[in-house]
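Pasting the sequence and the predicted model now:
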Amino acid sequence: MPQNVLVSVLGEGEYLPHLVRAILEKEIIPARNLFLSSKNQVACQAAEGYDVRICEDDISAVIKSEIVLVTASKREMPTQLAMISSSSQKRVVVTVCDSEKVDLAYVSDRIAAATELIAAVLHRDENGKLYATYEISQKARLFLHQPCRDLVNAMCDRINEAG
């Protein structure tokens, strides 16, 4: 059953289209609850054929959501976080990155306004399967923990199924 939360997906990199497609294909949330920036062509292409909401830019997508998923490499993550830092208050910001250095402390230093943070660090096990570990700030609302995990885990599952 889909979660009834409002989600925006921002960022760049190899995981971005997988994250958008996994959320939609696995129906983690209703498609109308997904907000994307019209300026992010990769995200919009990944959502083709689905009834998602396309916003003018990243900030518009953030403002309309409760959960903000940001995927980027460690090198690009500060840029992605800086773009939304002033708009992220009262939202759960979830970073999705395959660098263990993009942890809760790293994100806290770069998001001034956000009080609710989750760092999802991607790893590969000995069989090459992708999985995520989570660091969650104490202020993150408890009822949003599982939806955040479900969103990122869906991406991991989709990538693992594709091989």
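In hand now; what should we look at? Numbering: from 1, shown residues only.

where's the most centrally placed residue in the chain relative to residue 35, distance?
In the chain, the centroid-proximal residue (CA atoms, centre = their mean) is residue 69; its distance is 1.9 Å. In this view, residue 69 and residue 35 are 10 Å apart by CB to CB, to the nearest Å. Backbone N, C-alpha and C define where each C-beta goes, glycine included.

got any residues that touch both of the two?
Common neighbours of residue 69 and residue 35, using CB atoms under 8 Å, 6 or more residues apart in numbering, are 7, 8, 9.

Name every strand pairing with the top strand by length along the chain and say which way it goes.
Ranked by number of residues, the top strand in the chain under DSSP state E is strand 116-124. The strands beside strand 116-124 in its sheet (DSSP bridges) come out as strand 92-97 (parallel), strand 130-136 (antiparallel).

what packs against the longest helix seen in the chain?
Counting by DSSP state H, the longest helix found in the chain is helix 145-162. For helix 145-162, the packing partners by 3 or more CB pairs under 8 Å, 6 or more residues apart in numbering; DSSP states H and E come out as helix 15-25, strand 67-71, strand 92-97, strand 116-124, strand 130-136.

still on that earlier bit, who wins for neighbours among the shared contacts of residue 69 and residue 35?
Neighbour tally across the shared contacts of residue 69 and residue 35 (other CB atoms under 10 Å): the maximum, 29 neighbours, falls on residue 9.

quick one, the helix or strand encompassing it and helix 15-25 angle?
Using DSSP states H and E, residue 9 maps to strand 7-11. Relative orientation of strand 7-11 versus helix 15-25 (axes from the mean of the first three to the mean of the last three CA atoms, to 10 degrees): 160 degrees.

Run the chain-centre distance for strand 7-11.
With CA atoms, centre = their mean, to the nearest Å as the basis, strand 7-11 stands 5 Å off its chain's centre.

For it, which strands pair with it and how are they oriented?
Partners of strand 7-11 in the sheet, by DSSP bridges, are strand 34-37 (parallel), strand 67-71 (parallel).

Output these in a markdown table; the columns should cover distance to residue 25 and mean pLDDT.
Shown next, in a markdown table, are those (distance: least, CB to CB, whole Å; pLDDT from 0 to 100):
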| stretch | distance to residue 25 | mean pLDDT |
| --- | --- | --- |
| strand 34-37 | 12 | 98 |
| strand 67-71 | 16 | 96 |
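
looking at these, which is buried most?
Compared across the strands paired with strand 7-11, strand 67-71 shows the largest average neighbour count, a mean of 27 (mean count of other CB atoms under 10 Å).
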